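*Asks:* give the three-dimensional model of this entry:
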Amino acid sequence: MSHISVLLHETVDALLADRNTGIYVDGTFGRGGHTRLLLSKLDENARVYGFDKDPQALETAAILEQEDPRFKIIHASFADLKQELEARGIGLVDGVMADLGVSSPQLDQAERGFSFMKDGPLDMRMDNSKGPTAAEWLVNIEEEALANIIFQYGEERYSRRIAKAIKAAGYIDTTAQLAEIVKVAHPKWEKNKHAATRTFQGIRIAINKELEDIEAFLPQAVDVLKTEGRLAVISFHSLEDRLIKQFIQKESTLAEDTSWGMPQEREDTRRLKKISRVRASEAEIKANFRSRSAWLRVAERLALKGE
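*Replies:* This is a model prediction of the structure:
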């Protein structure tokens, strides 16, 4: 299955806010759906920088670089956004977007080891050129730490029982083996959801440091935005969405009044203004079932006092 970009037009339109030029960043290039649409709406002076650490995404991006001189790919995580832009002499930008989670091609290729639906080597690394595979990682992690990860990142209530079964199994080679171990250990399956869904999600998030990367990325994205520049982020599960929601909330709210009733000017430290929160339409969900859980949150950079 080829990758279908989720909330494609909604994201690009929100990012541009009726502009047709400027410097933009796609923090998760993937297969380039959002970037290509963005480039089609920009003039010849615009620039778009894509970030990705997935080898197949980088191959696709290299082809686009040859086709369109306005585009450049950066082999790095969006968690290193500021440093990578500064290294290229790029100061402030007009918009930053990111589409979080695993892309369809990663899920669909058995050899990448993300999916319990297709048997493949137990890998799960976004950047499969470095770091331990999921199989290696599971051997080295303590049972209690594994249970905590499955509970916290997979939101799996039977995490202790599942972690015990995984550790008792020894070295696990394939995704099908892991899925079967979880299925047997899981006492209560959810309707329309494979018993291993939450466990696979938890392990994947931990191995790829997905939530840590988001927490590192968001403040940097605001740092590099020009006044009135836009931040547009798509998330696919509640853990990601909660991080983005809380971050935008914090950056768009006045600091608490600590003056104890004394007349004193409060410093306005707000850096963002909330713009919108968008879900996939019924038509999109029908055409692409994976979009059912997607949320797009959009915010705009405010001018700081003295800017």
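*Asks:* contacting residues for Gly113?
*Replies:* 120-124, 133-134, 174-175 (C-beta atoms under 8 Å, 6 or more residues apart in numbering). No exception for glycine: its C-beta is placed from N, CA and C like everyone else's.
*Asks:* can you list contacts of stretch 270-286?
*Replies:* By C-beta under 8 Å, 6+ apart, stretch 270-286 touches 6-7, 10, 14, 222, 230-231, 248, 251-254, 288, 291-292, 294-302, 304.
*Asks:* would you mind checking those for buried ones?
*Replies:* 6-7, 10, 14, 222, 230-231, 248, 251-252, 288, 291, 294-302 (16 or more other C-beta atoms under 10 Å).
*Asks:* and His34, what does it touch?
*Replies:* Here His34 is in contact with 5, 8, 11-12, 26, 97, 99 (C-beta under 8 Å, 6+ apart).
*Asks:* how about Ala135?
*Replies:* So Ala135 contacts 121-123, 171-173 (C-beta under 8 Å, 6+ apart).
*Asks:* report the two of the residues you listed separated the most.
*Replies:* Asp123 and Tyr171 (13.9 Å; C-beta to C-beta).
*Asks:* closest to the centroid, which residue in the protein?
*Replies:* What sits nearest the mean C-alpha location of the chain, by C-alpha atoms, centre = their mean, is Leu100, with 2.1 Å.
*Asks:* you'd agree it is up against Thr11?
*Replies:* No. Counting by C-beta atoms under 8 Å, Thr11 is not a contact partner of Leu100; they are 11.9 Å apart.
*Asks:* between those two, what contacts are shared?
*Replies:* Common neighbours of Leu100 and Thr11 (C-beta under 8 Å, 6+ apart) are Ile234.
*Asks:* so between Asp123 and Tyr171, which is more surrounded?
*Replies:* Asp123 (19 against 10; other C-beta atoms under 10 Å).
*Asks:* look up the closest residue to the more buried one, ignoring the ones flanking it.
*Replies:* Gly113 (3.2 Å; C-beta to C-beta, 6 or more residues apart in numbering).
*Asks:* now Arg160
*Replies:* Ala147 (4.7 Å).
*Asks:* just for the stretch 101-250 of the chain, where's the confidence low?
*Replies:* Scanning the stretch 101-250 of the chain for pLDDT under 70 picks out 101-108.
*Asks:* if we go to 90?
*Replies:* 101-118, 126-130, 187-194, 236-238 (pLDDT under 90).
*Asks:* can you pull out the helices in it?
*Replies:* Counting by DSSP state H, counting those that start in this stretch, the segments of the stretch 101-250 of the chain that form helices are 104-108, 134-140, 143-154, 159-168, 175-185, 197-207, 210-224, 238-251.
*Asks:* and the protein, what are its domain boundaries?
*Replies:* For the chain, automatic domain parsing gives the domain ranges 8-104+212-301, 127-207.
*Asks:* for the last one, measure first residue to last.
*Replies:* According to C-alpha to C-alpha, to the nearest Å, domain 127-207 extends 10 Å from its N-terminal end residue to its C-terminal end residue.
*Asks:* still on that earlier bit, and which of the contacts of Ala135 is nearest Arg161?
*Replies:* Scanning these for proximity to Arg161, where the rule is C-beta to C-beta, the winner is Ile172, at 16.4 Å.
*Asks:* now that closest one, nearest residue through space, not along the chain?
*Replies:* In space, Ile172 is closest to Leu178, 5.1 Å off (C-beta to C-beta, 6+ apart).
*Asks:* fine by me, we can end here.
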